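**Student:** Have a look at this prediction, sequence included:
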Number of protein chains: 2
Amino acid sequence: MDLVPIGEAARLVGMNASALRYYEERGLVTPVTRSGGRRMYGRQELRRLAFLRTMQQLGIPLDTAGAVLDAPGEAWRATAAEQIDVLEQLVNRAKAAQWVLRHAIECPAEHPAVECETWIGMVDQLLEGYTFAELAGKHLTE
Amino acid sequence: MDLVPIGEAARLVGMNASALRYYEERGLVTPVTRSGGRRMYGRQELRRLAFLRTMQQLGIPLDTAGAVLDAPGEAWRATAAEQIDVLEQLVNRAKAAQWVLRHAIECPAEHPAVECETWIGMVDQLLEGYTFAELAGKHLTE
DNA sequence: AAAACGGTTCAACCCGACTTGAGGTCAAAT
DNA sequence: ATTTGACCTCAAGTCGGGTTGAACCGTTTT
């Protein structure tokens, strides 16, 4: 079965052993067995860890990610679908932020944030579409 | 100039007023002026807030995002370039996570995480490339 | 004139996600 | 035989990013 102890498991998934104990405490990943009190992890557990870590790094709360893995019956499908949307928005925002930054580093201006019209327009667009649609309206219409 | 007080500014950028005070305390965004003790924000400040908020939501620490806006001289260009890379990785991971989830919700298996070979293969790939390259080697080679 | 509204300060608290430290166990290497 | 290394538990601490609450201050509506 090729079971690995906590230190090795942690190394394999790129986390600290303390984090694995913490995940266990949270009920997210339980070692498949214990040999002489020591936690032993199998493939299945490493996969869970890797999945959870990936989602966590993307800003998905651990409990939400855990629900995709463990929600009873068909419930997990709904959670998974929601997370696809969350990730979609993440990707869009990240790309928008990249456009802004890419422009900035190519910009001849001393500092785009204050001098460059293109930067300014891009940042204003970053805002539009999320909560900021009113900017052009009520206030601040130069 | 169209200055707005803190509550309106917060509403426009989709944050709480308390967060704007906190950003000020951190030295990230200072109201352009105060009128009778009250913070007043202009366009420039709203843009800073929106940029910072966007970066923060993507997992970029506030200080790092602030450095893009304020690093002296040309230093900000290097920080910006780094953040483009960070965001690139973010996008790749998010897409990988989406693939896994998309497959999962289409999968006929009771629960992909335990039953579906495709899911398993995808999660294993999530790991490869980040710290997990050794999985196929040393341990756990079934 | 008094209540409501939106602002102010400051200190304290909260939350998620861990990490750290003290004190102990056990097996293998020196 | 003892030291080293990896593990154990449990309580407490840390860090980023805020929020909350108390006590207060000016307008402006009722």
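**Tutor:** Alright, I've got the coordinates.
**Student:** hey, let's count contacts and neighbours off CA atoms from now on
**Tutor:** Fine.
**Student:** Which elements pack onto the lowest-mean-pLDDT helix or strand in chain A?
**Tutor:** Least confident helix or strand of chain A, by mean pLDDT, DSSP states H and E, is helix A:112-115 with a mean of 78. When contacts are defined as 3 or more Cα pairs under 8 Å, 6 or more residues apart in numbering or on different chains; DSSP states H and E, helix A:112-115 packs onto helix A:117-127.
**Student:** Check which helices and strands the helix it packs on sits against.
**Tutor:** So helix A:117-127, by 3+ Cα pairs under 8 Å, 6+ apart, packs with helix A:75-106, helix A:112-115, helix B:43-57.
**Student:** Pick the most deeply packed of the ones you listed.
**Tutor:** The densest packing among the helices and strands packed on helix A:117-127, expressed as mean neighbour count by mean count of other Cα atoms under 10 Å in any protein chain shown, is seen in helix B:43-57 with a mean of 21.
**Student:** Which residues does the next helix or strand after it contact?
**Tutor:** Towards the C-terminus, the helix or strand next in line after helix B:43-57, according to DSSP states H and E, is helix B:62-70. Applying Cα atoms under 8 Å, 6 or more residues apart in numbering or on different chains, the contact partners of helix B:62-70 are A:113, B:28, B:48, B:52, B:55-56, B:76-77, B:79-80.
**Student:** Including distance to B:V100, could these go into CSV?
**Tutor:** Compiled in CSV, the contacts of helix B:62-70 are given as follows (distance: Cα to Cα, whole Å):
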residue, distance to B:V100
A:A113, 38
B:L28, 38
B:R48, 35
B:L52, 30
B:M55, 25
B:Q56, 25
B:W76, 36
B:R77, 35
B:T79, 32
B:A80, 30
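**Student:** Up against DNA strand C, what does chain A have?
**Tutor:** For chain A, the residues in contact with DNA strand C (Cα under 7 Å from any atom of the strand) are A:15-19, A:21-22, A:36, A:53, A:56, A:59-63.
**Student:** Pick out the residue closest to the middle of chain A.
**Tutor:** If you average the C-alpha coordinates of chain A and look for the closest C-alpha using Cα atoms, centre = their mean, you land on A:L58, 0.8 Å from that point.
**Student:** Out of the helices and strands packed on helix A:117-127, which gets nearest to B:D124?
**Tutor:** Ranking the helices and strands packed on helix A:117-127 by proximity to B:D124 (Cα to Cα) places helix A:75-106 first, at 18.1 Å.
**Student:** That closest one vs helix B:62-70, what angle?
**Tutor:** Our comparison of helix A:75-106 with helix B:62-70, counting by axes from the mean of the first three to the mean of the last three Cα atoms, to 10 degrees, yields an angle of 30 degrees.
**Student:** For DNA strand C, what is the nearest residue in chain A?
**Tutor:** A:P61 (3.4 Å; Cα to the nearest atom of the strand).
**Student:** That residue: what's its closest spatial neighbour, skipping adjacent residues?
**Tutor:** A:M55 (7.7 Å; Cα to Cα, 6 or more residues apart in numbering or on different chains).
**Student:** what residues go with each domain of chain A?
**Tutor:** Chain A breaks down by automatic domain parsing into domains covering A:4-70, A:75-136.
**Student:** still on that earlier bit, quick check: the residue of chain A closest to DNA strand C vs B:A19, distance?
**Tutor:** In this structure, A:P61 lies at 21 Å from B:A19, with Cα to Cα, to the nearest Å as the measure.
**Student:** helix/strand/coil for A:M40?
**Tutor:** For A:M40, the secondary-structure state derived from DSSP: H, G, I helix; E, B strand; the rest coil is strand.
**Student:** give the contact list for it.
**Tutor:** The contact partners of A:M40, taken as Cα under 8 Å, 6+ apart, are A:3-6, A:31-34.
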